[in-house]
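Asks: below is the sequence, then the predicted model.
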Amino acid sequence: MGSIDLQLENVNEDAELLKAHAEVYNHLFAYADTLALRAAIDLRIADIIHSHGHPMSLSQIASKLESPSPDVTCLARVMRMLVRKKIFTVDYNNTSGEEIVPLYGLTTTSMWLLHDQDLSLAPMFLTFTHPWIISAWFEISRSIKEGGTPFEKAYGQSFWERAAEDPEFNTMFNTGMAAATKPALDAVVKGYKDGFSELKGTLIDVGGGIGRMIAKIVKAYPHIKGINLDLPHVVASAPQHPGVTHVGGDMFKEIPNADAIIFKSILHDWTDEHCLKILKNCKKAVSQSKGKVIIVDVILNPDGKGLFDDAVIGCDLWLMADCVGGKERTEEEWRKLLKEAGFTTLNVIRLPTIMSLSIIEAVPQ
């Protein structure tokens, strides 16, 4: 029996070693998933299939690409990866003579990648896989050893400074952020219904980009006077929205007086020290008896098993790599930060939406 037990033990050890070996290889090539999907979005493959109205062959897809001589073999290999990852479907039951012609179709996932759909995530995906953003990650190990932000080590300036100097990237980034905001807007408008209904006067969306969120809020609650506050170069490209005034400014210097202030996915871009400065400016801007701050952001759960918990951990690393000390925070960290800034956390509302966003409601102490 002893020799059999030893053999079984060796088999189990070998199986575990092989499993671990495979795990390393899967991590090694994990970037292939992301960049193959980026290529498909860049080529508008989902849009091509959607416009066609039903599944297409590789040659049909290739004929719609903006290229006089597309490489169909290369396209086939990218599609093979994306079918495996359930981005697209493939049907091998179609034949042309004796040849089997695979037909590629859309999935629920690829429907999110259509460029011209209102809830498209394509602009966000192209933004967050931009070479600028990816290359900063190569400086993470140096930042761990030396301190500092990986992006600044890569480019000698902050992400925000570089974005401000490049109008094309700035437009793409703002479009990406607006696209990321779209799926969450209805959840915010409905999830904070009582708060918005009771609000009287002015609501400022700090860091509101091109004003999409504040416009949605004002449309649903027209008694609210909306102000969209962002950097001058950002609001310069913002469209006009009924009931919303665009204001160019700097949240680190001053926030205009308001009855309430809302942030969506802004404070996670910054260190606690930066956030304290912003929140203290908020405290100066709102009534000490009736004012409030509404934070729409991620609440990190390190051991969470939810749909977006892995993505939240990944986003936390993106913030570390590309923003000036940005990070995702646990509920305890949010409460502590607000308390240090002179606010009391009244309520935390979990939203059933993208990235498991929550609404954190706070009032001056």
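Replies: Now that the structure is in, tell me what you want to look at. Residues are numbered from 1 along each chain as shown.

Asks: ramachandran coordinates for Gly105?
Replies: Reported as degrees, to the nearest 10, the phi and psi values for Gly105 are phi -130, psi 180.

Asks: can you get me a residue count around it?
Replies: If you count neighbours by other CB atoms under 10 Å, Gly105 ends up with 16. To be clear about C-beta, it is placed using only N, CA and C from the backbone, and glycine gets the same treatment.

Asks: relative to Glu139, how far out is the residue nearest to it when sequence neighbours are not counted?
Replies: Using CB to CB, 6 or more residues apart in numbering and skipping the chain neighbours, the partner closest in space to Gly105 is Pro55 (3.7 Å). From Pro55 across to Glu139, the span is 43 Å (CB to CB, to the nearest Å).

Asks: and what of Asp269?
Replies: Distance of Asp269 to Glu139, computed by CB to CB: 18 Å.

Asks: can you check Ile360 too?
Replies: Ile360 is 32 Å from Glu139, where distance means CB to CB.

Asks: quick one: which of the two has more around it?
Replies: Neighbour totals were compared for Ile360 and Glu139, and Ile360 leads with 24 against 19 (other CB under 10 Å).

Asks: contact partners for the more buried one?
Replies: Ile360 makes contact with Ile294, Ile295, Val296, Asp297, Ile299, Trp334, Leu338, Thr345, Asn347, Val348, according to CB atoms under 8 Å, 6 or more residues apart in numbering.

Asks: Serialize these to JSON lines and add fields for pLDDT, distance to Ser237 and neighbour count.
Replies: Listed next are the contacts of Ile360 as JSON lines, based on pLDDT from 0 to 100; distance: CB to CB, whole Å; neighbours: other CB atoms under 10 Å:
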{"residue": "Ile294", "pLDDT": "98", "distance to Ser237": "25", "neighbour count": "23"}
{"residue": "Ile295", "pLDDT": "98", "distance to Ser237": "25", "neighbour count": "28"}
{"residue": "Val296", "pLDDT": "97", "distance to Ser237": "22", "neighbour count": "26"}
{"residue": "Asp297", "pLDDT": "96", "distance to Ser237": "24", "neighbour count": "20"}
{"residue": "Ile299", "pLDDT": "95", "distance to Ser237": "31", "neighbour count": "20"}
{"residue": "Trp334", "pLDDT": "98", "distance to Ser237": "31", "neighbour count": "24"}
{"residue": "Leu338", "pLDDT": "98", "distance to Ser237": "32", "neighbour count": "23"}
{"residue": "Thr345", "pLDDT": "95", "distance to Ser237": "35", "neighbour count": "18"}
{"residue": "Asn347", "pLDDT": "95", "distance to Ser237": "34", "neighbour count": "14"}
{"residue": "Val348", "pLDDT": "96", "distance to Ser237": "34", "neighbour count": "15"}
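
Asks: out of those residues, which are inside strands?
Replies: With DSSP state E as the criterion, strands contain Ile294, Ile295, Val296, Asp297, Thr345, Asn347, Val348 from among the contacts of Ile360.
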